[in-house]
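S.K.: with the sequence up front, the predicted model follows.
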Amino acid sequence: MNSIIIKTENLTKIYNTGKIKTYALRGIDLEIPRGSFSCIIGPSGHGKSTLMHLIGGLDRPSKGRVFIDGTDITGLSNSELANLRASKIGFVFQFFNLLPNLTAEENVEVAMMFAETPEKIQKERAIQLLSLVGLEDKAKSKPSELSGGQQQRVAIARALANDPEILLMDEPTGNLDSDSEAEVLEVIFKLHRKGKTVVIVTHNHEIAKMAEIVFEIKDGKINTMEKLNEITRLLKEIEKISQIEKCLTCQCFYDTLMEFKEFLKKEKIDGDLETRLSRLIEKSKVTHDCLGCEPCLPVPVSNALTEITGTSHSCTCGPVCTPGIPPTLLHRERGAWPVEQGEYIIGNKTSSVAISTLGSDELPEVISRELGVDSFAIVGKTHTENIGIEKIIKNTITNPYIRFLILCGKDTRGHMAGQSLLSLFNRGINHEKRIIGSEGQRPVLKNLEFSEIEHWRLQVKVIDLVGTEDIKRIAEEVNTCREKNPGRFDSSLTPRKIPKIEAQRPGKLILDPSGFFIIYPNKDEGRIYLEHYNADGTLNEIIYGEDPVSIASTAIEHGLLSRLDHAAYLGRELEKAYLSMIYGFQYVQDSATSNS
């Protein structure tokens with residue numbers, strides 16, 4: 001099935017008055033996706049209705065072509081065109097064009113007569129359609145007995161008589177008051193939700209703001225309002241995401257909503273879009289920081305928001321967003337390669353092959369066991385499209401023996417580390433250090449220099465086995481790379497050094513002038529109680545909750561901590577109390593001193 005249901009190519013309409021040619025349309029090219037809601041806007045007399053008539057086959061173009069569901073209708077005969085209109089297209093106009101002597105039900109039935117629908121089916125379907133537009137109780141009423149909004153809804157029911165895929169509407173609310181307009185729009189949106197392709201010609205910019213695609217016609221030429229179209233589409237996606245309960249309670253999602261709102265305000269995009277966004281913000285009740293979901297925003301939405309607003313929109317949980325297996329500690333000589341810390345298995349430093357298993361956390365152990373450590377220099381997972389990739393590059397450019405990087409395993413959903421690495425190798429980064437073509441959420445390599453990235457791209461060849469966990473296939477590629485080893489790269493780089501500070505055991509604890517805490521886990525209730533006492537021993541406040549984060553956050557918000565070492569102590573003890581409830585061991589609160 002063709003995803004584009006309406007398409008025009010170089011569509012031109014010329015009216016001749018004597019020797020004078022008047023261009024109503026000039027070379028219109030447009031595409032309307034199946035099931036979309038589009039609006040055509042523009043000043044009066046600039047070609048909106050002409051375009052609608054040509055799309056609907058009510059008139060023929062002077063030049064160019066119109067395709068309806070893949071069929072070029074400009075070459076059809078009048079009878080063929082009439083059959084296509086009857087089966088594919090429903091029309092609704094500003095003036096209702098109802099037959100005054102017929103009831104609402106009979107006006108709907110008229111459209112089915114031309115399609116030779118059996119009389120019994122005509123009556124049943126007419127009642128169904130009037131029910132769909134909320135007028136089943138007005139079936140026997142004549143147009144003069146109906147309000148303007150009701151008459152337009154009858155016209156819509158008539159347009160649906162032969163179940164067309166496309167609804168073309170020319171100023172369907174142009175003659176209605178605000179209440180009637182709301183009634184008609186509600187019906188239109190309901191039809192769109194049922195999968196109908198809706199195209200509306202309108203002067204009303206408020207209606208246009210509700211559409212997915214907006215075409216603006218001026219002087220017979222069309223301008224796709226891409227930014228507004230994209231913003232509208234993204235808001236719909238965000239509304240879908242808001243149906244996920246934990247998203248509505250997440251700080252990351254709330255921050256994105258607020259950034260989006262600021263952008264709409266800055267761009268002076270108000271009306272329905274801002275109202276809808278404000279509703280989402282009102283619904284949000286932040287109860288937690290990022291939970292490490294995969295991901296907070298679907299990648300296309302996140303990337304598109306970034307492109308439009310110039311602000312990164314994604315989860316803020318950092319490099320450990322995707323839960324992994326417990327880390328295996330690597331004991332190696334200080335200052336030795338690899339230069340970056342991580343969960344790696346180190347093989348033969350002089351091997352030409354490095355391997356990233358991306359989001360397949362257990363695959364490094366399998367590769368090490370099955371292929372042997374001499375077959376590679378280093379193997380490890382890569383979960384993120386920023387810090388994870390930076391570590392790969394730093395470990396590569398400091399080892400000139402590495403000439404191949406094999407990407408295998410499942411790519412990390414949301415972060416798309418594998419796809420990002422391939423894009424980086426093929427296309428590099430832009431002036432903002434953003435990986436060109438990456439589908440990851442935040443593919444910005446802030447901790448690398450341009451020269452380091454280019455050095456890496458020259459040093460290694462990236463092998464794409466993304467999605468592959470087959471150990472035999474991986475082994476074949478490792479052997480091929482080793483056979484094609486071009487030898488040691490002619491240089492290596494030393495990345496910029498970040499100061500390292502060895503942790504020191506604390507001296508004697510300095511008491512927090514804000515007071516001290518006593519912690520009581522209550523397993524029966526599934527709660528932790530935190531009692532805060534002033535420095536003189538007076539009970540000041542009791543905080544309770546089900547998880548350490550919310551309790552600690554509340555204590556901080558209430559000003560019960562004034563020293564970072566006490567905050568660290570409180571966090572550690574709350575976590576221990578929480579684990580005691582889960583695993584059943586007795587909780588004993590440590591003394592808040594180094595000599596306990």
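M.R.: That came through, no problem. Source: prediction; values computed, not measured.
S.K.: what's Pro486 sitting at in phi/psi?
M.R.: phi -80, psi 0 (degrees, to the nearest 10).
S.K.: from memory it sits against Ile402, does it?
M.R.: No: look at Pro486 against Ile402 with CB atoms under 8 Å: they stay out of range, at 11.4 Å. Just so you know, the C-beta spots here come from the backbone N, C-alpha and C atoms, and that holds for glycine as well.
S.K.: so the two - more neighbours on which side?
M.R.: Taking other CB atoms under 10 Å, Pro486 and Ile402 do not tie; Ile402 has more neighbours (26 against 9).
S.K.: for that one, give its distance to Ile355.
M.R.: 10 Å (CB to CB, to the nearest Å).
S.K.: name the residues contacting each of these two.
M.R.: Ile378 (CB atoms under 8 Å, 6 or more residues apart in numbering).
S.K.: can you pull the buried residues of stretch 448-455?
M.R.: Leu448, Glu452, Ile453, His455 (16 or more other CB atoms under 10 Å).
S.K.: ranges for the helices of the stretch 101-250 of the chain?
M.R.: 104-113, 119-132, 148-159, 178-193, 205-210, 226-241, 245-248 (DSSP state H, counting those that start in this stretch).
S.K.: any idea of the angle the strand or helix carrying Cys252 forms with helix 226-241?
M.R.: Using DSSP states H and E, Cys252 falls within helix 251-266. Using axes from the mean of the first three to the mean of the last three CA atoms, to 10 degrees, the inter-axis angle of helix 251-266 relative to helix 226-241 is 150 degrees.
S.K.: which strands or helices does helix 251-266 pack on?
M.R.: helix 226-241, helix 272-283, helix 299-309 (3 or more CB pairs under 8 Å, 6 or more residues apart in numbering; DSSP states H and E).
S.K.: repeat that with 7 Å
M.R.: helix 272-283, helix 299-309 (3 or more CB pairs under 7 Å, 6 or more residues apart in numbering; DSSP states H and E).
S.K.: which stretch in those helices is the model least sure about?
M.R.: In terms of average pLDDT, helix 299-309 trails the rest of those, at a mean of 66.
S.K.: that helix: what's the following helix or strand?
M.R.: Counting by DSSP H and E, what follows helix 299-309 is strand 344-346.
S.K.: now do the residue nearest to Gly149 when sequence neighbours are not counted, the pLDDT please.
M.R.: Distance criterion CB to CB, 6 or more residues apart in numbering; nearest residue to Gly149, sequence neighbours excluded, is Ser180 at 2.7 Å. Ser180 is assigned a pLDDT of 76 by the prediction.
S.K.: burial check on the residue nearest to Met113 when sequence neighbours are not counted, number of neighbours?
M.R.: Distance criterion CB to CB, 6+ apart; nearest residue to Met113, sequence neighbours excluded, is Gln122 at 7.2 Å. Using other CB under 10 Å, Gln122 is surrounded by 20 other residues.
S.K.: my read: Gln122 touches Met112, true?
M.R.: Yes: counting by CB atoms under 7 Å, Gln122 touches Met112, with 4.6 Å between them.
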